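1. Here is my input, please return the structure:
(one chain, ligands or ions: 1)
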Amino acid sequence: MKERTNTLKAALQQGRPSIGLWCSLASALTTEIMAGSGAGWLLIDGEHSPNDLRSVIAQLQVIAAFPCEGAVRLPSDDSVLIKQFMDAGARSLMIPNVKTAEQARAIVSAMSYAPEGVRGFSVGHRANQFGRIADYHRNARANQLLAVQIECETGVANAREIAAVEGVDVLFVGPGDMSTNMNAMGNPNAGHVQQAIAAVHEAAVAAGKASGILAPVKADADRYLRDGFTMVAVGADLGLLARGSDNLVASFSA
Ligand SMILES: O=C(O)C(=O)C[C@H](O)[C@@H](O)CO
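-> Got it, this is the predicted structure:
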């Protein structure tokens, strides 16, 4: 058996944009609904959502039925979590709040087997189809994707060094944390925040890497895509369901 090609990584390496959706409901059912949307990738959020290993596995399983890459955001850069979630089949990782190149190198090391890194070895797990993918351990890095989140001014200042780290594929802006950390909570379109976001994109491009962002407002997403961001999440299950139900009920109110 061969590992399925990471089509998200292939698209980003070729400079092609890929539209994604955020999955925050920790539900295999709602994630399965989102996977059928035609999105190129889904982000299973383990930072701000009640996801755990089992709920992430269930969501990766349903996504596998679609031409869509399941990316997983871990709650931190903890190497033990990276090992556990990668063994569970999470091969496209998003790590929040990355501030330095040293931190990025440690994350890449945690994703890599020796001699390149320190990922713990297990002969069989969901990631290698329980031992059925021949040479998984030797070839695993080829299909892995690492999106590091730049979410504060320190990360912006170090963005070029972070982007240059081998193994980092995407600089992904967290607009909510970025604006909050820049004293513009709830306003990622503030001028100084937009300058910081542009600097992150420029740092990624300078290193030949991709840039990404979550932009649930269409006008913002269109602008970022025009500006050259290629890993762009354009909505979230939580927002679609909450706002959609609110607006539907309100439409019948007297
Ligand atoms: O900082 C951000 O914005 C993100 O990283 C995305 C949010 O965490 C996501 O949960 C949507 O609110």
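2. does Ala71 count as helix, strand or coil?
-> Using DSSP: H, G, I helix; E, B strand; the rest coil as the criterion, the local structure at Ala71 reads strand.
3. list the contacts for it?
-> Contacts for Ala71 (Cβ atoms under 8 Å, 6 or more residues apart in numbering) come out as 8, 20, 41-44, 90, 92-94, 145, 147. Backbone N, C-alpha and C define where each C-beta goes, glycine included.
4. Quick check: chain neighbours aside, which residue is closest to it?
-> Spatially, and ignoring its direct neighbours in sequence, Ala71 is nearest to Ser92 (3.9 Å; Cβ to Cβ, 6 or more residues apart in numbering).
5. how close does that neighbour get to the ligand?
-> Separation of Ser92 from the ligand (Cβ to the nearest ligand atom, to the nearest Å): 16 Å.
6. Give the buried residues for the helix or strand encompassing Gln195.
-> According to DSSP states H and E, Gln195 maps onto helix 191-206. Using 16 or more other Cβ atoms under 10 Å as the burial criterion, the residues of helix 191-206 that qualify are 193-194, 196-197, 199-204.
7. Next: stretch 163-171.
-> Buried residues in stretch 163-171 (16+ other Cβ under 10 Å): 163, 165, 167-171.
8. Include distance to Pro67 and secondary structure when you put those residues into JSON lines, please.
-> What follows is these, written out as JSON lines (distance: Cβ to Cβ, whole Å; DSSP: H, G, I helix; E, B strand; the rest coil):
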{"residue": "Ala163", "distance to Pro67": "28", "secondary structure": "helix"}
{"residue": "Val165", "distance to Pro67": "29", "secondary structure": "coil"}
{"residue": "Gly167", "distance to Pro67": "25", "secondary structure": "coil"}
{"residue": "Val168", "distance to Pro67": "25", "secondary structure": "coil"}
{"residue": "Asp169", "distance to Pro67": "19", "secondary structure": "coil"}
{"residue": "Val170", "distance to Pro67": "20", "secondary structure": "strand"}
{"residue": "Leu171", "distance to Pro67": "25", "secondary structure": "strand"}
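9. check those against the ligand, which are close?
-> Near the ligand, judged by Cβ under 6 Å from any ligand atom, there are no entries from the buried residues of stretch 163-171.
10. quick check, nearest of those to Leu25?
-> The nearest member of those to Leu25, counting by Cβ to Cβ, is Val170 at 23.7 Å.
11. residues touching that closest one, list them.
-> 12, 145-148, 204, 209-212, 231.
12. Ok, Thr100 next?
-> Contacts of Thr100 by Cβ under 8 Å, 6+ apart are 154, 158, 161-162.
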